[in-house]
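S.K.: this is the structure alone, sequence omitted:
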Ligand SMILES: NC(=O)c1ccc[n+]([C@@H]2O[C@H](COP(=O)([O-])OP(=O)(O)OC[C@H]3O[C@@H](n4cnc5c(N)ncnc54)[C@H](OP(=O)(O)O)[C@@H]3O)[C@@H](O)[C@H]2O)c1
């Protein structure tokens, strides 16, 4: 049966958060630790930042390690999941946060670029799921949370959007196929941390379309992930949108 991690059930979950050195992933790792998880902080290139996150988590009295690898490469995924397991125990909660994002107008996009988005944003999470499943299906249960995006890609972002829409489909399919042992949900942030080169005009245009009148924060997203881990064990196949109403249109 799926395992809920309600605060008082006496079980400390082990969470693996991919891409957890910076930005949204960092906030998710810290929030899960604050709420009661031991956390493996995954990174690919941001080693120092990841170590700082792990140190902060240890400062909270929780166990934490950093693990490294490219999640598009199954061998590297197997290695970093094994490293997390050896240090902290079997992974109970996988948060597929690592991702790539960039403007790719479809008229100029190459097949290699399109494949790159699918590799990073769909196949990477798939490899991570496959690596943690044996433990989750061996009687422990587990939880997977995928970080997705609106399934209607904005102009200029079709390859990214398609890769994330496919991750939504993966979430829904896995939720059905892995129940009742493993719960699989997604969190869909709205505008949280825009790329550094976003113009002020674009930022203001986005803000005007957010009914709640502000950008989201990484902490808003982390709170939603934590709710799926600790707040309810009766959710699966759910996409929790954290967008201040932006996607209402
Ligand atoms: N930011 C937003 O406003 C927003 C909006 C909607 C959805 N989201 C979703 O929320 C999640 C977090 O967003 P974010 O903006 O914080 O993400 P991000 O900064 O774009 O990426 C997070 C991390 O992914 C890692 N990564 C990229 N390619 C990888 C690979 N091949 N293998 C392993 N790791 C890889 C990088 O780790 P290293 O630095 O260690 O290389 C990077 O720091 C993403 O899934 C994103 O799609 C974000």
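M.R.: Received the coordinates, thanks. Please read all numbers here as calculations on a predicted model, not as lab measurements.
S.K.: show me the shaky parts of the protein.
M.R.: Residue ranges of the chain with pLDDT under 70: 1-10.
S.K.: for the residue nearest to the spatial centre of it, which non-adjacent residue is spatially closest?
M.R.: Residue closest to the average C-alpha location in the chain (Cα atoms, centre = their mean): residue 97, at 2.6 Å. Nearest residue to residue 97, sequence neighbours excluded (Cβ to Cβ, 6 or more residues apart in numbering): residue 25, at 4.1 Å. Where C-beta positions appear, they are placed from N, C-alpha and C, glycine not excepted.
S.K.: so which elements touch the helix or strand residue 163 falls within?
M.R.: Per DSSP states H and E, residue 163 falls inside helix 158-178. Under the contact criterion of 3 or more Cβ pairs under 8 Å, 6 or more residues apart in numbering; DSSP states H and E, helix 158-178 touches helix 111-118, helix 124-135, strand 142-147, strand 182-189.
S.K.: on that earlier part again, show me the contacts for the residue nearest to the centre of the chain.
M.R.: 17-20, 24-25, 28, 147 (Cβ atoms under 8 Å, 6 or more residues apart in numbering).
S.K.: that older thread, select, out of the helices and strands packed on helix 158-178, the one closest to residue 101.
M.R.: Closest approach to residue 101 among the helices and strands packed on helix 158-178 is made by helix 111-118 (8.7 Å; Cβ to Cβ).
S.K.: taking helix 124-135 as reference, get the angle to the closest one.
M.R.: For helix 111-118 against helix 124-135, the angle by axes from the mean of the first three to the mean of the last three Cα atoms, to 10 degrees is 40 degrees.
S.K.: pull out the buried positions in helix 111-118.
M.R.: Using 16 or more other Cβ atoms under 10 Å as the test for burial, helix 111-118 gives 114, 116-118.
S.K.: is it in proximity to the ligand?
M.R.: No. Judged by Cβ under 6 Å from any ligand atom, helix 111-118 and the ligand are separated, with a smallest distance of 9.1 Å.
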